[in-house]
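Undergrad: Sequence first, then the predicted structure:
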Amino acid sequence: MTVTPSAEFVPRHIGPQGDDIETMLNQLGYSSLEELIDTAVPADIRQSEPLDLPAPRTEAEALADLRVLAGKNVMKTQMIGQGFSDTLTPPVILRNILENPAWYTAYTPYQPEISQGRLEALLNFQTMVMDLTALPIANASLLDESSAVAEAVLLMRRANKAKATAKTVIDSNVFPQTISVVRGRAEALGFEVEIADLSAGLPEGEISGIVLQQPGNNGAVIDHASIIAAAKDRGAMVTVAADILSLTMITAPGEQGADIAVGNTQRFGVPLFFGGPHAAYMAVRHGLERSLPGRLVGVSVDDAGTPAYRLALQTREQHIRREKATSNICTAQALLAITASMYAVYHGPAGLKRIAQRAHHHARTLATLLTGAGHVLVSDSFFDTLHVTVSDAAATVAAADAAGINLRLVDGTTVGISTDETTTAAHVAAIAGVFGITDAAATAAGFELGAAVLRTSDYMSHPIFNTIKSETQMLRYLRRLSDRDLALDRTMIPLGSCTMKLNSTAEMESISWPEFASIHPFAPEHQTEGWRELITDLEARLSVITGYAGVSIQPNAGSQGEYAGLLAIRGFHLANGDTQRNVCLIPASAHGTNAASAVLAGMKVVVVKTAADGTIDANDLDAKIEANKDILSAIMITYPSTHGVYDADVREVCDKIHAAGGQVYIDGANMNALVGLAQPGKFGGDVSHLNLHKTFCIPHGGGGPGVGPVAVAEHLVPFLPGDATGTYTMRDGIPVVATLFGSAGVLPISWAYIAMMGGEGLTEATKTAILSANYIASRLNEHFPVLYTGNKGLVAHECILDLRELTNKTGVTAEDVAKRLIDYGFHAPTLSFPVAGTLMVEPTESEDLGEIERFIEAMIAIRGEMEQVLAGDFDIADSPLRNAPHTAASVIRTDWERSYTREQAAFPVKHLHQDKYFPPVGRIDGANGDRHLICSCPAPEAFEN
Ligand SMILES: *Cc1c(COP(=O)(O)O)cnc(C)c1O
């Protein structure tokens with residue numbers, strides 16, 4: 001017997017096998033998978049060589065490899081601070097959220113009826129942020145503190161119309177990584193940013209907005225009331241970046257008149273993760289809700305009048321507003337926001353305050369000891385961070401390192417010490433020892449926070465933060481919420497463009513190992529060799545897969561990869577003296593983030609039409625190139641296109657752009673249709689981003705985390721973002737887009753996936769994904785016509801089902817079908833993207849044939865119900881389609897008066913008798929929630945009807 005090299009993991013990852021492949025090929029009329037692939041994928045883009053990757057590792061081997069890498073990281077007590085503080089993840093949250101597929105495999109809650117659990121958790125997050133910041137509206141997370149501040153700056157510039165051309169002023173006491181990211185944004189958009197010491201008052205001139213930080217980069221807690229008042233007097237808006245834990249003790253930004261508060265919620269139970277993923281927050285005053293970036297959970301009602309949650313004001317988002325969107329952020333940090341919110345539920349307001357007071361107490365003890373020994377503090381007013389003047393800071397930091405503690409090397413003569421939830425008296429004594437203090441018996445004396453900065457107001461008084469005390473209650477709350485949702489652990493999620501594939505346990509396992517999870521992003525390089533090796537290796541493997549010369553994993557979502565990639569193109573043109581090249585061509589069918597990112601990169605968006613067959617309209621493309629040839633910067637295309645088809649003429653499109661002096665950006669979100677078969681870096685792309693949370697198995701987490709590596713050809717390598725030195729000077733003027741290695745903490749997932757699949761396994765996965773999509777297209781075509789096909793009537797890895805004609809005939813909409821699928825136990829396919837009135841189905845390679853058949857059966861049964869509408873069996877308004885989804889309450893009522901049976905409502909196909917998912921709410925009225933915007937937890941009484 002021969003053991004194939006991929007014997008262990010590949011068949012665990014790929015659903016259809018053996019006879020199933022045969023069955024599917026028979027349906028399609030192909031004798032082999034090769035033949036199908038050769039027909040579907042245009043020959044002129046096929047890669048000639050197989051992927052040159054190491055042989056596949058078994059699950060056990062990959063985990064052993066990861067153990068070795070993890071072992072090369074050195075764990076220390078992390079007291080560096082600078083926006084990242086160690087924390088204790090309550091085990092009940094670690095296991096039941098961060099390590100629980102019911103939470104981490106969920107999709108972004110765009111289908112609210114099957115997302116009530118995670119929507120409630122995110123609403124808790126918003127309520128917590130609103131209360132702590134004392135501002136009336138908060139969103140459901142942003143990507144990281146630095147980019148959140150950048151978003152706040154842009155929000156101030158949008159909202160403060162009277163100062164549209166004025167400068168933005170950032171206090172010099174803001175974290176250097178934040179200043180770096182904001183500067184990058186400003187440079188691309190061409191507005192002025194001034195860094196000034198605002199404790200000395202406002203600078204001269206017109207000001208759009210100011211950014212303060214509390215506590216400051218140097219740990220100082222300063223009363224901001226007068227500078228905020230002065231800024232407002234001058235017509236400037238005010239953003240305060242605030243440490244979330246400190247807000248339990250320090251006067252909230254909203255109470256001091258700030259318009260916007262932003263920050264990181266990492267220290268609410270989310271591991272350091274070598275820098276991310278962490279959920280940033282943003283809260284705003286009334287009047288700014290419609291320009292708030294990111295997602296916002298709101299309260300609406302369902303068809304029975306029951307309160308129900310949904311994403312509010314989606315009309316602000318990039319998928320609708322495109323280049324006019326409030327921001328390019330799509331994937332954010334839902335899973336981490338949920339973790340932070342549950343940390344708040346677990347500890348409650350009093351518990352959070354105790355944690356803050358303890359950290360503050362340890363810092364005060366240290367201050368007492370250090371000043372007692374004659375050391376000088378940069379500020380006597382602090383929360384958890386002391387900056388101490390020493391003669392040789394590097395020597396002090398090294399001595400602390402030798403004692404097992406990481407301190408912050410601020411400059412040659414300043415050391416930073418940050419306490420946190422994990423700090424103990426022993427740590428305090430050890431640090432005292434580093435400073436030569438042998439008698440560490442002193443207790444805190446003095447250094448109390450002054451009355452002006454001391455918080456007196458209440459927060460988090462909602463019952464959710466005050467009723468869950470025991471672990472049994474907590475466990476059941478988490479379980480109750482996740483039971484309300486449909487995630488990949490229960491059903492296929494056939495969302496086109498989202499690639500909801502297996503997130504295997506072996507891939508997930510290592511991310512919570514402390515050797516990975518407890519490393520501070522600014523820990524010295526000699527402590528992070530394992531991380532750096534893993535990252536370098538992953539970047540190299542992604543280079544091999546994409547055919548590009550260089551990769552940076554810094555961008556922490558696809559949208560950020562787009563932004564970074566476009567900045568690389570911009571940098572390239574500028575370096576060539578082509579300062580006028582700023583037009584970005586974008587096909588009409590593109591994902592909304594493309595246009596929004598182009599605007600952020602300072603480009604002008606010109607839309608290219610779609611031809612009748614779904615490809616880029618060649619005539620329109622020629623005309624747009626001609627009209628812009630001297631100012632053409634780039635084209636952004638998605639390949640295979642968002643229509644799920646391999647456009648045969650993609651090389652020609654790339655050639656035309658290059659001939660006109662432009663660069664080609666290939667959006668790699670659909671890389672699942674290419675891996676091992678074709679390389680964007682070889683068939684015409686100059687730059688692409690990948691979505692590791694799509695193709696490379698990082699779970700969607702209910703709307704994040706993500707990683708959006710940017711991959712570039714040789715000539716663009718110098719313009720990659722990132723600065724591995726951690727000093728946060730811009731590298732050669734190239735802006736960073738996130739902190740250091742972005743969402744490093746989840747990279748072991750993609751690393752393990754690639755390691756366990758090997759080149760052949762990855763290629764097999766791609767082929768199977770294409771086979772499954774074509775199988776579904778072929779089986780469903782007679783029931784729901786497939787909108788676009790390419791070569792020989794084949795699709796790529798997804799297919800668009802066109803319901804428009806059926807809708808015209810029956811009145812049944814694509815939305816009705818999406819909601820009705822819930823009654824069959826399915827998450828809907830992608831609704832009305834990229835074409836309104838359609839459903840886009842992407843099965844991925846991970847779904848076995850049985851599950852695919854179950855989906856096909858449901859779709860055919862739904863088509864049958866549409867026929868019943870047509871036949872007049874029931875009126876559309878009184879149909880199981882329009883009334884979908886059906887809650888348990890709606891079907892067990894005694895006074896059932898609908899023209900279809902209760903059996904048809906809840907159990908339209910037989911196997912549902914055994915496994916039935918009932919949504920907790922019926923169809924939700926979105927408009928109602930937008931008209932009456934409520935974005936915090938409703939009182940429990942609201943549910944008593
Ligand atoms: C998902 C997707 C994006 C955006 O990625 P995020 O990680 O959500 O920012 C961009 N383009 C396409 C085609 C996508 O499918």
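TA: Okay, I see it.

Undergrad: Could you use CA atoms for every contact and neighbour count after this?
TA: Noted.

Undergrad: Surely residue 818 touches residue 829?
TA: Yes. Residue 818 is in contact with residue 829 according to Cα atoms under 8 Å; the separation is 7.0 Å.

Undergrad: Show me the longest helix that occurs in this structure.
TA: As assigned by DSSP state H, the longest helix anywhere in the chain is helix 334-372.

Undergrad: Check whether it comes near the ligand.
TA: No. Using Cα under 6 Å from any ligand atom, helix 334-372 stays clear of the ligand, with a minimum separation of 11.8 Å.

Undergrad: List the buried residues for that helix?
TA: Buried positions in helix 334-372, judged by neighbour count with 16 or more other Cα atoms under 10 Å: 334-349, 352-353, 355-370.

Undergrad: Contact partners for residue 105?
TA: Contacts for residue 105 (Cα atoms under 8 Å, 6 or more residues apart in numbering) come out as 487, 488, 489, 503, 699, 700, 701, 702.

Undergrad: one more time with 10 Å, if that's ok
TA: Going by Cα atoms under 10 Å, 6 or more residues apart in numbering, residue 105 touches 335, 486-490, 493, 500-503, 698-703.

Undergrad: do the same with residue 310
TA: By Cα under 10 Å, 6+ apart, residue 310 lies in contact with 109-113, 115-116, 119-120, 123, 296-301, 924-926, 929-930, 935.

Undergrad: Quick one: the helices in the stretch 201-350 of the chain, in order.
TA: 225-233, 318-321, 334-372 (DSSP state H, counting those that start in this stretch).

Undergrad: Worst mean pLDDT among the ones you listed?
TA: Looking over those, mean pLDDT reaches its minimum on helix 318-321, with a mean of 80.

Undergrad: For it, name the packing helices and strands.
TA: Contact here means 3 or more Cα pairs under 10 Å, 6 or more residues apart in numbering; DSSP states H and E; on that basis helix 318-321 packs against helix 592-600.

Undergrad: The following helix or strand past the helix it packs on - which strands sit beside it in the sheet, and in what orientation?
TA: Downstream of helix 592-600, the next assigned helix or strand under DSSP states H and E is strand 604-608. Using DSSP bridges, strand 604-608 pairs in its sheet with strand 583-587 (parallel).

Undergrad: Outline the domain layout of this structure.
TA: The chain breaks down by the TED database into domains covering 514-746, 756-913.

Undergrad: Put together CSV for those domains, with distance to the ligand and mean pLDDT on each row.
TA: Shown next, in CSV, are the domains of the chain (distance: least, Cα to the nearest ligand atom, whole Å; pLDDT from 0 to 100):
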stretch, distance to the ligand, mean pLDDT
domain 514-746, 3, 93
domain 756-913, 10, 97
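
Undergrad: Is residue 628 in contact with residue 635, as I believe?
TA: No. Taking Cα atoms under 10 Å as the definition, residue 628 is not a contact partner of residue 635, at 11.5 Å.

Undergrad: burial measure for residue 466, as a count.
TA: As a burial measure, the neighbour count of residue 466 was computed by other Cα atoms under 10 Å and equals 16.

Undergrad: if you skip the residues just before and after it, what's nearest to residue 274?
TA: Closest residue to residue 274 apart from its sequence neighbours, by Cα to Cα, 6 or more residues apart in numbering: residue 521 at 4.3 Å.

Undergrad: Relative to residue 283, how far out is residue 151?
TA: 12 Å (Cα to Cα, to the nearest Å).

Undergrad: any shared contact partners between these two?
TA: 262, 292.

Undergrad: neighbour-wise, which of those two wins?
TA: Under the neighbour definition other Cα under 10 Å, residue 151 and residue 283 were set side by side, and residue 283 has more, 33 against 24.

Undergrad: what's the residue nearest to that one when sequence neighbours are not counted in contact with, if anything?
TA: Using Cα to Cα, 6+ apart and skipping the chain neighbours, the partner closest in space to residue 283 is residue 138 (4.0 Å). Applying Cα under 10 Å, 6+ apart, we find residue 138 in contact with 123, 125-131, 260-262, 281-285, 289, 292, 294-297, 935-936.

Undergrad: Can you tell me which of the residues you listed end up in strands?
TA: Judged by DSSP state E, the subset of the contacts of residue 138 located in strands is 260, 261, 262, 281, 282, 283, 284, 297.

Undergrad: what ranges do the strands span in the stretch 451-600 of the chain?
TA: 550-552, 583-587 (DSSP state E, counting those that start in this stretch).

Undergrad: which element is the closest residue to residue 558 other than its chain neighbours on?
TA: Taking Cα to Cα, 6+ apart as the measure, residue 558 lies nearest to residue 708, with 4.2 Å between them; neighbours along the chain are not counted. Taking DSSP H and E as the definition, residue 708 sits outside all helices and strands.

Undergrad: Also the one 3 residues further on?
TA: Assigned by DSSP H and E, residue 711 belongs to strand 710-712.

Undergrad: Direction included, what does that strand pair up with?
TA: Applying DSSP bridges to the sheet, strand 710-712 is found paired with strand 550-552 (antiparallel), strand 687-690 (antiparallel).

Undergrad: End to end on stretch 76-89, go ahead and measure it.
TA: Where stretch 76-89 starts and where it finishes are 17 Å apart, if you go by Cα to Cα.

Undergrad: Go through that stretch and flag the buried ones.
TA: Across stretch 76-89, burial judged by 16+ other Cα under 10 Å covers 76-87, 89.

Undergrad: quick one: contacts for residue 416?
TA: 79-82, 217-219, 377-378, 385-389, 393, 397, 406-410.

Undergrad: redo that, cut-off 8 Å
TA: Residues in contact with residue 416 (Cα under 8 Å, 6+ apart) are 80, 81, 218, 385, 386, 387, 388, 407, 408, 409, 410.

Undergrad: what separates stretch 345-355 from the chain centre, distance-wise?
TA: Using Cα atoms, centre = their mean, to the nearest Å, the distance from the centre of stretch 345-355 to the centre of the chain it belongs to is 27 Å.

Undergrad: contact partners of it?
TA: For stretch 345-355, the surrounding residues in contact (Cα under 8 Å, 6+ apart) are 245, 248-249, 344, 421, 459-461, 464-466, 468-469, 474.

Undergrad: run the last query once more with 7 Å
TA: 248, 249, 421, 459, 460, 464, 465, 466, 468, 469 (Cα atoms under 7 Å, 6 or more residues apart in numbering).

Undergrad: And stretch 160-169, by the same measure?
TA: The contact list for stretch 160-169 (Cα under 7 Å, 6+ apart) reads 157, 191-196, 206-211.

Undergrad: can you do 8 Å?
TA: Surrounding stretch 160-169, the residues in contact under the criterion Cα under 8 Å, 6+ apart are 153, 157-158, 191-196, 206-211, 235-237.

Undergrad: Cross those residues against strands and list the overlap.
TA: With strands defined by DSSP E, the entries of the contacts of stretch 160-169 inside them are 193, 194, 195, 196, 207, 208, 209, 210, 211, 237.

Undergrad: among the residues you listed, which ones are buried?
TA: With burial judged by 16+ other Cα under 10 Å, the buried subset of the ones in strands among the contacts of stretch 160-169 is 193, 195, 196, 207, 208, 209, 210, 211, 237.

Undergrad: before we move on, back to that, generate TSV for the strands of the stretch 451-600 of the chain, with distance to residue 750 as supplementary columns.
TA: As requested, those are exported to TSV (distance: least, Cα to Cα, whole Å):
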stretch	distance to residue 750
strand 550-552	14
strand 583-587	29
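
Undergrad: Now tabulate the ones you listed in TSV and tack on mean neighbour count.
TA: Formatted as TSV, the entries for these read as follows, by neighbours: other Cα atoms under 10 Å:
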stretch	mean neighbour count
strand 550-552	26
strand 583-587	26
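
Undergrad: right, so of these, which gets closest to residue 747?
TA: With respect to residue 747, and counting by Cα to Cα, the nearest of these is strand 550-552 at 12.2 Å.

Undergrad: For that closest one, give me every contacting residue.
TA: By Cα under 8 Å, 6+ apart, the residues outside strand 550-552 that reach it are 539-540, 542-543, 709-714, 717, 720-722.
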